Each structure stands twice: as structure tokens, then as C-alpha cells.
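# generate a structure from the sequence data that follows.
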Amino acid sequence: MTLTLRKCAMATAVLGALAAGDASAALRLSDALEGNWFDPAADGRGVQFEIAPHPDGDGSHLAVTLLFTYDAAGKPLWLIAAPRISEFGYTGTADLIKVEGGNFGSPIPPGSLTNEVVGQMTLTFNSCTSATMDLQMTPASGLQSFTWNLVPVTGVGQPSCVYQRKFEGCPSFATPAPAYGERACMISGSFLGQDITLTNEITWVIDQKVNIGGDNAQQSILRIEPGTLLVSSGDSFDHIAVNRGSKIYAEGRQYAPIILTSPKELPGFGGEPAPQDVGGLVISGNAPANCNPNCVAEWDNTNRYGGSDPMDNSGIIRYMQVRYAGYVFAPNRELNSFTLNAVGAGTTLEYLQSYKGADDGIEFFGGTANVRYFVDVCGGDDSIDWDEGYSGKMQFALVVQQGCAGEDHGFEVSNSPTNFDATPRSRPTIANFTLIGGGAGSASSRDGFNIKEGSGGNWYNGIVTNFKRACISIEGAATQAAAGPANALTGVLTINNTIINCANNYREGTGVTAGYAQAWFTGQAGNVAGDPQLSGFLPTGTVHLNKHFKPTSDWFMPTDYAGAFRSNRREDNWTLGWTKGVN
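The predicted structure follows:
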């Protein structure tokens, strides 16, 4: 039987006395490590672990450890410790407390428990099936110091635990990186004609541009295990570039996302993480783009993309965060958290988060990529950006710009910066999105929609609120011409079943007829200007309901509500468990 310590009166009574220790980088704690563990070489003696998020909400956990044993006189006693282990840590030290008193039943009478520090415990998790517990007892305790090598009583880890191996060293394609932790390995350069796996017992350090494959030559495969941690070397340019013809398989899980972040998040590394600490993730494909055949990345003229295959497949990415990424070389020359260059619809992209990036959360340069479940929190520029003929799909997107230092637009969308009528014209389909701006006091949270440079797009079932300049901004004569008169739209640029709520809902830029944005919005079915009734980012009222989205393709899921969430119920909140800075 497993005793639930969060509900145990004795544990609650003593947790306040426990002194949490430090940690190092690698394995991430979760309740997948909970349960009864023992040392087979110590006559079956063991402990019970319960992993609890620290109340500070910084991603660290308390590894509450409960030990029932006997003193030198044979008297039974309880020992308890709760080392604090950082988000990217695997070891911690805390006082070991002897607990006496109390009674059978509830409640425990005040003052009936006594707590005495009898030593220190250092706990190190090596994998789902291996932990080391070192107890150094005080002389006054009369107890003997010892070290246990623990394994789960069941002999196997919980099914939800993804850390199946101990760290044994770096593979041949990487080099040790002790400055980033004793379990850290660095990768750099180009991987050509190779199939490599970044395993989750290692902290992977990305040094400069890491190329996966050549340009439609010497194709390679990059695999990343769930729960894997990747950090930059500390240079803003550090990024992974999956080139045309190569693939990435990065399949995290809700309880074990893959994270690419700043090395300053590593315990003991020093400094505060900030945007531009990481370059980001770049994928280039062979799908159509209106710059083809001369598509070259704006930050790297050796990075080419574009082709003629709308179903081009660059792999699978699920449950991945990119934190503190993006680098601005010069205006309109940037790395984004997620950069998708002519990526095709054969690629699977689900559950992606950008957190505090310096530039866009996700940007599509042409292509037909489809994205489901996307989150951007506190980006430095636009949350969702497209140009060069992007024509993919997106469903379920959350943008939160409140309390952020940067951020520009929710959607910034273009067709081509050089030819506003280039073909194929940008015209993706977007459904079920919630965009929350920074409000009047924000530094630069300008428009919910900034539609310009001839872009099309078909939006359904959204909520747009609290943007500083306007909820909807339409710019440029080419954009209005492509959309058509507000009372006779061409279908290139449309919006339906959407709620907007900004101090100024509409704006026209140069070349657009005054009043056009309002006429365009109000003339289409199901649109409302009014309070969307949100608490945070979740709906609390009913104004967003009874807005039926009928899928335009088999890829979409049918919904009957505006916004990214149907309700504020836990089961409707798809951001739980895998995102940062949201819940």
C-alpha cells in the first residue's frame, strides 16, 4: 500500500521544518518516481518517495522521503526528509527529521509531535529504477550513517517514467561538457548521412549551428527522446537546423516534454535566463513557397528551402518547449523559437510552446505545415507569423502577452515582402485560437491581427482581446484588393465566429479604405465585438459557445465554441502538464 504523504497529517506537520538542499542538472522529477523503493543488498530496507511541486512554482520539486526503522534499542521510529530538487536537477540534500509522538486517529493534538534533526540525507536519482540515498547521522542521534542503492519494489519503473538509463558517458558523436553539469554532452557541426538519438539521461549542449543533413543530400535523422533537456552553449546563434530531405523525430509526452532552453536555467550555472540565450529550432522542407526556387533563410544564406511537394515530410514533433530563444541579427533577419521553412503537410507538429523568445514564437516561410496545439508566452515580436505563400492549417492556439517585456502582434501575416501578389498566395486556415494582448500599459503589444502585404487567410472561432493598438489591423492596398469589397469578399481573407474586445477594435493602415476593417469583420457570420468573459485565458461564461466550426478538411476537429478552450474545466485545458508560465 502506498501512503499518500500530501494527505498524511504527520508529513504535513513536519514539512515546514525540513531544510531543502541544492541540485545539479539532468533528469527531471515528477510523480512518475513515486512509490516504495528498497536496497536489495540491505535486507530489503527501503523508503517511500512522494514527489510534490514546490510551493514557489519555479519548477522545482520536493522529494518527500519517508523511512520507518528502529533505533539502537529496537524502538520503532519515523524519519522524514524532503530535499528540494530544481526543475533540471536530479540530486538534493536536506535535514533528516526524527518524528515522535502523535496518536492513532485524526486530528493529531497540537504539540503532540516532536521533530528532531538527526542527520542529513542526500538523494540522487539516476533513472526510473535507480536512486542513491546517503544518510549522515549526527553523533547525538545514536544512529549509524549508511548509503543505500535503491530500486523500486516492483523491480521496474512506473510506465509514465521515461528515464530508463543511467548516465554512462557521452556517445561517440558528442564530447563531454562538464561546465554544464556532470551529465552534459556537447554536439556541434554537421551530421551527414547519419541517424543519431539524443537520449534523455544526458543534458545536450548545442554549440553554434548543428546541421542535420545536407541540402537534399546526405539526409540524416535526428531523434530526441521524451523528457530530454537541450541547452545552448550560451551563444545566441546556437540552434538546430534540420535541412531539406532530412527528418526530426522529437516525440515528447504530456508529462515529459522535450525542452530547449538557456544554460542559465541549469542549477549552479549562474545568471538569469533571458531572450536570445538560445537560437531556436529550424526546419527546412521541400513544400511550395512563393520565393521558390530562390528561397534562402534571412539569417543564413546557406540555408535553402522550398520545392514542389505539399506533402513533404520532415518528421514528427510533439510536446516540445523552446525557451529564451530567438536572435535578431538585423531588422527582418531573425531566428525564431520555431522557424518552419517550406515545411510540408506530411510533417506532424503538435503541442509546441515558445516561452519568452526574442523574436516570433513560430514563423512559417511558405510551406503547407499543419500545427495543432500551439502556445506562445511573452515573445519578443509576433506570436504567429507567416509569409512567402504559407498555406497550411492551425487549430488550437493560445497567445498570452500579459506582463511581458516585448511582444508585437498576435498574428502578423504577409504574402511576400517583395511581391504582394506573388503565388502561391499566403492563405492558411486557422481555427480555435485565443489571443490575449498586454493592454494599454504594455510596451509594444500592438495588434491582435496585423494583416499586410497581400496576405490571405481564413480564420474561424477565435477570441482576440486586450491589444494596445487594435484587435484587427489591415494594411496595404494589395491586401484589401485580394480580400475584395467588404460586402462581396473573394474568400481569400475571411473570419467567422470570432469575438474581439480591444479598446480600439479596428485599424486601417496606408492604402486601406477608412472603415474597411470594421466592415470586413462585422459583415461576416458569427462575429461579435464584446467581452469574451475570460478568467486568465479560460472562458467562464457562455458567450463563446454555440459557435459551430464545420471542418474544412479531415485534418480539423469539429468544435462548437470560439477560442482555444471550451470551458475552464481541467479536462478542457490542453496546456496542463507540458507548458511553462501558463497555468
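# ok, what's across the strand from the residue nearest to residue 323 when sequence neighbours are not counted?
Counting by C-beta to C-beta, 6 or more residues apart in numbering, residue 261 is the residue found nearest to residue 323 once chain neighbours are left out, at 4.0 Å. In short, each C-beta sits where N, CA and C put it, glycine included. Beta bridges link residue 261 to residue 231, judged by DSSP bridges.
# and the pLDDT for residue 261?
On the pLDDT scale, residue 261 is placed at 98.
# what about it, how many residues nearby?
Residues lying near residue 261 (other C-beta atoms under 10 Å) number 24.
# now the one 3 residues further on
Residue 264 has 16 neighbouring residues, counting by other C-beta under 10 Å.
# look up how far residue 277 lies from it.
Distance of residue 264 to residue 277, computed by C-beta to C-beta, to the nearest Å: 6 Å.
# between those two, what contacts are shared?
residue 324 (C-beta atoms under 8 Å, 6 or more residues apart in numbering).
# and the longest strand belonging to the chain, what does it pack against?
If you go by DSSP state E, the chain has its longest strand at strand 113-127. In terms of contacts (3 or more C-beta pairs under 8 Å, 6 or more residues apart in numbering; DSSP states H and E), strand 113-127 is packed against helix 9-14, strand 61-70, strand 76-81, strand 91-101, strand 130-137.
# excluding its backbone neighbours, what's nearest residue 502?
residue 471 (4.0 Å).
# remind me which helix or strand the residue nearest the centre of the chain belongs to.
Residue closest to the average C-alpha location in the chain (C-alpha atoms, centre = their mean): residue 321, at 2.7 Å. Using DSSP states H and E, residue 321 sits in strand 315-323.
# who's in contact with the helix or strand just after that strand?
The C-terminal neighbour of strand 315-323 among helices and strands, as given by DSSP H and E, is strand 327-330. Residues from elsewhere that reach strand 327-330 (C-beta under 8 Å, 6+ apart): 236-237, 276, 279-280, 299, 334-335, 358-359, 380.
# please repeat the previous calculation with a cut-off of 10 Å.
235-239, 275-280, 298-300, 333-336, 357-359, 380-381 (C-beta atoms under 10 Å, 6 or more residues apart in numbering).
# ok so, going back, hang on, isn't the residue nearest to residue 323 packed against residue 275?
No - look at residue 261 against residue 275 with C-beta atoms under 10 Å: they stay out of range, at 11.5 Å.
# how is the protein divided into domains?
Under the assignment automatic domain parsing, the domains of the chain span 5-152, 181-188+203-535.
# possible to save those as a markdown table with distance to residue 564?
Formatted as a markdown table, the domains of the chain follow (distance: least, C-beta to C-beta, whole Å):
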| stretch | distance to residue 564 |
| --- | --- |
| domain 5-152 | 23 |
| domain 181-188+203-535 | 4 |
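# weakest of the ones you listed by average pLDDT?
Among these, domain 5-152 scores lowest, at a mean of 83.
# just how off-centre is that one within its chain?
30 Å (C-alpha atoms, centre = their mean, to the nearest Å).
# if any of the contacts of strand 327-330 are buried, put those into a PyMOL selection.
Per 16 or more other C-beta atoms under 10 Å, the buried members of the contacts of strand 327-330 correspond to this PyMOL selection:
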select buried, resi 235+236+237+238+239+275+276+277+278+279+280+298+299+300+334+335+336+357+358+359+380+381
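# out of the contacts of strand 327-330, which are inside strands?
Per DSSP E, those map to strands at 239, 280, 300, 333-335.
# for residue 66, state which of those residues is nearest.
Nearest to residue 66 among these is residue 280, at 42.7 Å by C-beta to C-beta.
# measure the closest one to residue 439 for me?
Residue 280 is 27 Å from residue 439, by C-beta to C-beta.
# go on, residue 569?
Counting by C-beta to C-beta, the gap from residue 569 to residue 439 is 27 Å.
# before we move on, what about residue 172?
Relative to residue 439, and taking C-beta to C-beta, residue 172 is found at 52 Å.
# neighbour count: these two, which is higher?
Between residue 172 and residue 439, residue 439 has the larger neighbour count (other C-beta under 10 Å), namely 16 against 6.
# ok, that one - contacts?
401-403, 445, 465-468, 502-503.
# what kind of secondary structure is it in?
In three-state terms, and counting by DSSP: H, G, I helix; E, B strand; the rest coil, residue 439 is coil.
# residues in contact with residue 127?
27, 33, 90, 151, 157, 161-167, 200-201 are the contacts of residue 127 under C-beta under 10 Å, 6+ apart.
# check which helix or strand the closest residue to residue 447 other than its chain neighbours maps to.
Nearest non-adjacent residue to residue 447, counting by C-beta to C-beta, 6+ apart: residue 473, 4.2 Å away. Using DSSP H and E, residue 473 falls within strand 470-474.
# from residue 273, how far off is the nearest residue to residue 85 once chain neighbours are set aside?
Distances taken as C-beta to C-beta, 6+ apart put residue 92 closest to residue 85, at 4.2 Å, once the chain neighbours are dropped. Distance of residue 92 to residue 273, computed by C-beta to C-beta: 21 Å.
# residue 418 too?
Residue 418 is 36 Å from residue 273, by C-beta to C-beta.
# the more surrounded of the two?
A count of neighbours by other C-beta under 10 Å puts residue 273 above the other of residue 418 and residue 273, at 18 against 10.
# contacting residues around the closest residue to the more buried one other than its chain neighbours?
Spatial nearest neighbour of residue 273, excluding adjacent residues (C-beta to C-beta, 6+ apart): residue 262 at 3.8 Å. Residue 262 sits next to 231-232, 234, 238, 269, 271-278, 323-325, 356 when contact means C-beta under 10 Å, 6+ apart.
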